[in-house]
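S.K.: Here you go, sequence then predicted model.
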Amino acid sequence: MLVSSIRLLLVLAVFAAALLPARADNMVMATDDWPPFRISTEHGLVGLDLDFIDEVARRAGAELTVSKMPWGRGLTSMQSGSVDVMTGLAYRDERAEYIAYTDTPYFKCSTAFYTIAGLADKIQTYEDLADHQVGYVLHSAYFDRFDNDESLDKVGVAQEQILIEMLMRRRFGVMIGTDCQVDYFIKEQGFAGKIEKTPYVPGNSVDLYLGVSKKSDWAEKLDLLNKVVKELVDEGFVEQISQDYYGTHS
């Protein structure tokens, strides 16, 4: 009788467990402000990246936690494994030592240089940069020649917003940026006609990836994340959400 009761309880426990939703794994994302990908509001962060990672987490069965921090601290946290993922990552060999990149980039941008309106013609070639201080965002990856050029007079700041404000105050003559973010910010902040792109453009593609800390448990589920990201790109999900912020993006 006792054995039968125990068996009945086990059957009921299994049946009850089957009725409950599967337990979601926690996924912690480190991120910062980078409109329109990550936009701070009074209700928290919104933006293209947040829409993207929300869907990634949903399809991967993850419980998402977003932790806002400076970009450099986010990279350090990925290195230590105290966070699981970051979005908006350009591939760099040194980062790949501690970050596992998903196979498919979910967005493509390019690098551009900007000046105060009327001064852009001074930058016709890469060599023209040597005559100016060049503002850039610390810990960002633009293109190899610039990133590794120690001969240029570079001024590093924490965020693009600070970069643009310093350019407007003529703290330096030229700034470098990722066009999909800087062009949006210039338009939204009313700087159109006050800041312009230089004739010289590197012509590189800045592919943005979802990256996973190699010390995270999610690194063992990289195949799943690869599948999800590719699905979202192939289905046109990313293109659709980008239209919510850009109108139409190619």
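M.R.: Good, I have the coordinates. Numbers count the residues shown, from 1 in each chain.
S.K.: Output the lowest mean pLDDT helix or strand found in this protein.
M.R.: In the chain, no helix or strand scores lower on mean pLDDT, DSSP states H and E than helix 2-19, which sits at a mean of 40.
S.K.: Tell me the helix or strand right after it.
M.R.: Next helix or strand after helix 2-19 toward the C-terminus (DSSP states H and E): strand 25-31.
S.K.: tell me which residues of that next one are tucked away?
M.R.: Counting neighbours by 16 or more other Cβ atoms under 10 Å, one finds that the buried residues in strand 25-31 are 27-31. (C-beta placed from N, C-alpha, C; glycine too.)
S.K.: Provide a list of residues in contact with Glu63.
M.R.: For Glu63, the contacting residues are 24-27, 57, by Cβ atoms under 8 Å, 6 or more residues apart in numbering.
S.K.: Lys197: which of these is nearest?
M.R.: Ala57 (35.6 Å; Cβ to Cβ).
S.K.: Count the residues that sit near the spatially closest residue to the closest one that is not a sequence neighbour.
M.R.: Closest residue to Ala57 apart from its sequence neighbours, by Cβ to Cβ, 6 or more residues apart in numbering: Leu64 at 4.0 Å. A count of nearby residues for Leu64, using other Cβ atoms under 10 Å, gives 18.
S.K.: Just want the angle from the helix or strand harbouring Leu64 to strand 25-31.
M.R.: Secondary structure from DSSP H and E places Leu64 in strand 62-68. When axes from the mean of the first three to the mean of the last three Cα atoms, to 10 degrees is applied, the directions of strand 62-68 and strand 25-31 differ by 20 degrees.
S.K.: Sheet partners, orientation included, of strand 62-68?
M.R.: strand 25-31 (parallel) (DSSP bridges).
S.K.: and the nearest residue to Leu222 once chain neighbours are set aside, what are its bridge partners?
M.R.: The shortest distance from Leu222 to any non-neighbouring residue, by Cβ to Cβ, 6+ apart, is to Ala100 (5.4 Å). Beta-bridge pairing of Ala100, defined through DSSP bridges, involves Val212.
S.K.: dump the residue contacts of Ala100.
M.R.: Residues near Ala100 by Cβ under 8 Å, 6+ apart: 211-214, 219, 222.
S.K.: pLDDT score for it?
M.R.: The model reports Ala100 with a pLDDT of 98.
S.K.: quick one: it from Lys215, how far?
M.R.: Look at Ala100 and Lys215: by Cβ to Cβ, to the nearest Å, they are 10 Å apart.
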